[in-house]
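# Need a 3D model of the sequence below.
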Amino acid sequence: MAGEAVSKASRPPNPCPDPSLPPVVKKKRNLPGTPDPEAEVIALSPRTLLATNRFPCEICGKGFQRDQNLQLHRRGHNLPWKLKQRSGKEPRKRVYVCPEESCIHHNPARALGDLTGIKKHFCRKHGEKKWKCDKCSKRYAVQSDWKAHSKTCGTREYRCDCGVLFSRYLSCLLFSYAFGLI
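Here you go, the predicted model:
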């Protein structure tokens, strides 16, 4: 399957595109930390940024990150609820700055473009590393990073001629070179 993706990606573009169709122009995304200058800059405190229950249910006390999720939950209590409808006009683009003043993403010119991105950035760079790999003891601040690491940890091994086990072939070469084995 991975081989198929590589072969499709390495094919040259169709030399004879349909002349009756207009050329497709892809809108390029901004690189992380280079926001749209027209975007609204939002600065959240670390507490607000990492809050998991900003919208509590008045009946059972369960908290939600988004008002829309609370409204859907309220239906279960047979309470009145109202989902926000998208307006016809284009919503103003938002960018988020890091609450850590010493961080480069604290500058509005280097703000990040989505709330999930700024949350993960803040946790990775400035937060506590709560998740630990059982196999290698490496620690992670973002649960999705820990899960991705855990799936592959210990699966890539290369046994050198000298008997030492390395995570990859290049590590073996560097080790051998550093200690004059090659």
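# where does the protein have low pLDDT?
Residues of the chain meeting the criterion pLDDT under 70: 1-19, 21, 24, 27-33, 85-91, 182.
# The lengthiest helix in the chain packs against which elements?
If you go by DSSP state H, the chain has its longest helix at helix 115-126. Contacts defined by 3 or more C-beta pairs under 8 Å, 6 or more residues apart in numbering; DSSP states H and E place helix 115-126 against helix 46-50, strand 94-97. (Glycine included, C-beta is placed from N, CA and C.)
# Am I right that residue 42 sits in a helix?
No: with DSSP: H, G, I helix; E, B strand; the rest coil as the criterion, residue 42 is strand rather than part of a helix.
# give the contact list for it.
94, 95, 96, 97 (C-beta atoms under 8 Å, 6 or more residues apart in numbering).
# Tell me the buried residues within those residues.
The neighbour-count test (16 or more other C-beta atoms under 10 Å) marks 95, 96, 97 as buried among those.
# for those residues, which one is nearest residue 153?
Proximity to residue 153 was ranked across the buried ones among the contacts of residue 42 by C-beta to C-beta; first place goes to residue 96, at 31.2 Å.
# contacting residues for the nearest residue to that closest one once chain neighbours are set aside?
Once flanking residues are discounted, residue 96 sits nearest to residue 118: 3.9 Å by C-beta to C-beta, 6 or more residues apart in numbering. Counting by C-beta under 8 Å, 6+ apart, residue 118 touches 44, 49, 96, 97, 98, 105, 111, 112.
# what about the residue positioned nearest the centre of the chain, distance to residue 152?
Nearest to the geometric centre of the chain sits residue 117, at 5.4 Å (C-alpha atoms, centre = their mean). Using C-beta to C-beta, to the nearest Å, we find residue 117 at a distance of 23 Å from residue 152.
# swap in residue 43?
Taken as C-beta to C-beta, the span from residue 43 to residue 152 is 36 Å.
# More neighbours: these two, which one.
Under the criterion of other C-beta atoms under 10 Å, the comparison of residue 43 against residue 152 puts residue 43 first, with 14 against 9.
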